[in-house]
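Asks: Here's a sequence, model it:
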Amino acid sequence: MDVIAGTLGADILLLDLTGLTIIADFFVIATAENVRQLEAMARHVVEEMKEKQGLTPLAVEGTPESGWILLDYGSIVVHCFSAAQRNHYKLESFWDKARTVVRLA
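Replies: Numbers count the residues shown, from 1 in each chain. You can find the predicted model right below:
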């Protein structure tokens, strides 16, 4: 979580999806205030995960301009959203059976 919090992302949420899906065990969802922050947040996560955990994403989808960047680390999927896209997709509602591990609002 500190990997994302260090980028000043807002409303950071860690959901435990264990037993609910084979997609991933955990979702991290965070909101950026603007396109530049969204790009910086995603870049920071990639850099910190590589440096601190030795992990590189299996896939990266989306662009800052689209308002959603997805970083797939296999068992962990990081969703970096603009406020508008996070509100539109409502992943927290879709995965409402997931256990909230931590929320930094």
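Asks: tally of neighbours for A30?
Replies: 26 (other C-beta atoms under 10 Å). Every C-beta, even on glycine, is put in place using the N, C-alpha and C of the backbone.
Asks: quick one, helices of the protein?
Replies: Ranges of helices within the chain are 2-5, 35-48, 83-89, 91-94, based on DSSP state H.
Asks: Save the ones you listed as JSON lines, and put in mean pLDDT, distance to L70 and mean neighbour count too.
Replies: Listed next are the helices of the chain as JSON lines, based on pLDDT from 0 to 100; distance: least, C-beta to C-beta, whole Å; neighbours: other C-beta atoms under 10 Å:
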{"stretch": "helix 2-5", "mean pLDDT": "52", "distance to L70": "13", "mean neighbour count": "17"}
{"stretch": "helix 35-48", "mean pLDDT": "95", "distance to L70": "9", "mean neighbour count": "18"}
{"stretch": "helix 83-89", "mean pLDDT": "97", "distance to L70": "11", "mean neighbour count": "14"}
{"stretch": "helix 91-94", "mean pLDDT": "94", "distance to L70": "11", "mean neighbour count": "12"}
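Asks: Of all these, which one comes closest to D16?
Replies: helix 91-94 (12.8 Å; C-beta to C-beta).
Asks: Any idea how far that closest one is from the middle of the chain?
Replies: The chain centroid and the centroid of helix 91-94 are separated by 13 Å under C-alpha atoms, centre = their mean, to the nearest Å.
Asks: Give me the helices and strands touching that helix, please.
Replies: Under the contact criterion of 3 or more C-beta pairs under 8 Å, 6 or more residues apart in numbering; DSSP states H and E, helix 91-94 touches strand 26-32.
Asks: any residues touching the strand it packs on, and which ones?
Replies: 1, 4, 9-18, 38, 40-41, 75-83, 86, 91-92, 95, 98, 101 (C-beta atoms under 8 Å, 6 or more residues apart in numbering).
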